[in-house]
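Novice: got a predicted structure plus its sequence, pasted below:
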Amino acid sequence: MVAVVIGKPYDPPGASFGADESFDPLVEFAGVWTTDLAERYLPLPDAPPMKYECLDGNLIMSPREAGPNGYAMLELGALMRGPARDAGYRVYPAVNLRFDRDRWIEPDLTVLLEPCPDVWVENMNVLLVGECISPSSKRRDRLDKPAMCAEAGIPYYLLCQADLRQRFVSLELSRLEDGEYQVIAEAVSGKQFETDAPFALSFDPIELLDIRD
């Protein structure tokens, strides 16, 4: 890949980060990010916890989820873990899901076909991608990421929306059919979410909220 650099010659991934105080990876590698560069320069030093994703070389940074979303995905993973293992699959939290060397995402929850001992999870090893929608990620979670996952042939896509103040949760599970995701199971808090695919699940989405009473 030809590197397009701003203001100075391209500094290869083996260079010492911090040797030049004016060096800013976000500027130097704008539009040309790859998994090799990500391994070398991410996470950024002195930055708060972030989610780093990339679309065609363009790095996308967003705050790492906390509060209701993080709790909901933790609980969802716990509910899925047993049924998934019984069916021969593995439930993972956030992973680096690679579509190409300049395209990757970090789903909130991922179900894998086989264990992954590496930094990067290849898309052909993914059965299901799960995302918990936040105000800053509505378009990406509902449109952009499903399109990428569908193009890669990932069989299932799960969307969750959690609001602790309103005591509301929604779940929407879709299956890839003829190149597009079609909803096969959905429920809101107070109703039962039930599905047999890709493995059996049955629970009230309210279980995903941190409610003590």
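Specialist: Looks like it arrived, so ask away.
Novice: quick one, phi/psi of I206?
Specialist: The phi/psi pair for I206 (degrees, to the nearest 10) reads phi -60, psi -20.
Novice: count residues in the vicinity of the residue lying closest to it once chain neighbours are set aside, would you?
Specialist: Setting aside the residues directly before and after it, I206 is nearest to S189 in space (CB to CB, 6 or more residues apart in numbering), at 4.0 Å. (C-beta placed from N, C-alpha, C; glycine too.) As a burial measure, S189 scores 20 neighbours (other CB atoms under 10 Å).
Novice: hmm, S189 is touching P205, no?
Specialist: Yes: taking contacts as CB atoms under 8 Å, S189 lies within contact range of P205: 4.9 Å.
Novice: which residues touch the closest residue to E131 other than its chain neighbours?
Specialist: Nearest residue to E131, sequence neighbours excluded (CB to CB, 6+ apart): D141, at 4.4 Å. By CB atoms under 8 Å, 6 or more residues apart in numbering, the contact set of D141 is 131-134, 159.
Novice: if we can go back for a sec, check what pLDDT the residue nearest to I206 gets.
Specialist: pLDDT for S189: 96.
Novice: how close does it get to D141?
Specialist: Between S189 and D141 the distance, using CB to CB, to the nearest Å, works out to 19 Å.
Novice: where's the worst-scoring helix or strand of the chain on mean pLDDT relative to the chain centroid, distance-wise?
Specialist: Sorting the helices and strands of the chain by mean pLDDT, DSSP states H and E puts helix 138-139 at the bottom, at a mean of 72. Here helix 138-139 is found 13 Å from its chain centre; the criterion is CA atoms, centre = their mean, to the nearest Å.
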